[in-house]
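K.L.:
structural data only, the sequence is not supplied:
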């Protein structure tokens with residue numbers, strides 16, 4: 001007899017096979033692949049109750065669930081199916097999201113600082129203004145993901161795939177990109193001070209022309225990066241010129 005977990009695993013396997021074979025091959029656009037979710041997805045209500053009641057929902061089916069603005073600090077979601085789930089504004093600090101499917105999930109403004117997403121699939125996920133500072137993101141799939149204005153300071157993206165990811169105006173200070181695939185990733189106005197991109201795949205100089213860094217930024221040989229503007233320190237301000245703002 002087939003169990004619910006086996007059926008979920010079979011469905012997720014078929015879906016992930018489509019996404020990986022088509023989206024990552026570059027043969028079709030990300031927009032086209034996102035329309036391939038014709039197979040009906042539905043979360044398990046019992047799994048939602050389990051998450052809310054215990055914070056422990058390993059391998060749960062939460063696909064398409066609305067979990068926006070929830071407090072899920074330290075939650076165990078290892079191996080859960082969160083495909084197309086809505087987690088906007090949720091607090092997922094230090095959550096265990098390893099090997100989780102977050103394909104096309106919405107996490108805009110979510111706090112994932114210190115969380116572990118090692119080996120997770122975030123293809124096409126929406127992470128605008130999300131906080132991923134000091135998050136463990138090794139071997140994760142971020143291709144086609146939107147990380148506009150996201151905070152990834154100190155995050156570890158070793159071995160992750162970010163093909164076509166949008167990192168526009170992202171805070172990437174001290175971010176580790178070792179062995180990451182950055183083909184077609186967009187870094188416009190991104191802050192790469194102290195980031196390590198010394199050993200990456202698919203990166204071109206054009207991708208870095210709109211970003212900035214500093215002397216601590218590590219780049220592949222022959223690459224260059226303009227310096228980020230120095231922040232104005234309030235300690236250096238000596239007040240208005242004489243005669244100004246007088247009453």
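P.N.:
Perfect, I can see it now. Note that the structure is a prediction, hence the values are computed from the model and not measured. Numbering: from 1, shown residues only.

K.L.:
who touches residue 157 in this structure?
P.N.:
When contacts are counted by CB atoms under 8 Å, 6 or more residues apart in numbering, residue 157 touches 137, 138, 140, 142, 175, 176, 177, 178, 180. Heads up, the C-betas are built off the backbone N, CA and C, glycines and all.

K.L.:
swap the cut-off to 10 Å and go again
P.N.:
Each residue near residue 157 by CB atoms under 10 Å, 6 or more residues apart in numbering is listed here: 117, 132, 135-140, 142, 172, 175-182, 195-197, 200.

K.L.:
what about it, distance to residue 205?
P.N.:
Distance of residue 157 to residue 205, given as CB to CB, to the nearest Å: 20 Å.

K.L.:
thought residue 148 was touching residue 188?
P.N.:
Yes. Checked against CB atoms under 10 Å, the pair residue 148 and residue 188 is within contact range at 9.4 Å.

K.L.:
residue 144 reaches residue 121, doesn't it?
P.N.:
No. Counting by CB under 10 Å, residue 144 stays clear of residue 121, with 11.1 Å between them.

K.L.:
check what pLDDT the spatially closest residue to residue 56 that is not a sequence neighbour gets.
P.N.:
Nearest residue to residue 56, sequence neighbours excluded (CB to CB, 6 or more residues apart in numbering): residue 76, at 4.6 Å. Per-residue pLDDT puts residue 76 at 98.

K.L.:
quickly list what residue 76 is bridged to.
P.N.:
Here residue 76 shows beta-bridge partners residue 56, residue 96, assigned using DSSP bridges.

K.L.:
spit out the contact partners of it.
P.N.:
When contacts are counted by CB under 10 Å, 6+ apart, residue 76 touches 51, 54, 55, 56, 57, 58, 60, 95, 96, 97, 98.

K.L.:
again, only this time at 8 Å
P.N.:
Contacts here follow CB under 8 Å, 6+ apart; on that basis residue 76 touches 55, 56, 57, 58, 95, 96.

K.L.:
for residue 71, state which of these is nearest.
P.N.:
Nearest to residue 71 out of the contacts of residue 76 is residue 55 (CB to CB; 9.2 Å).

K.L.:
gap between the residue lying closest to that closest one once chain neighbours are set aside and residue 186?
P.N.:
Leaving aside its sequence neighbours, residue 55 sits nearest to residue 75 (CB to CB, 6+ apart; 4.6 Å). According to CB to CB, residue 75 and residue 186 sit 31 Å apart.
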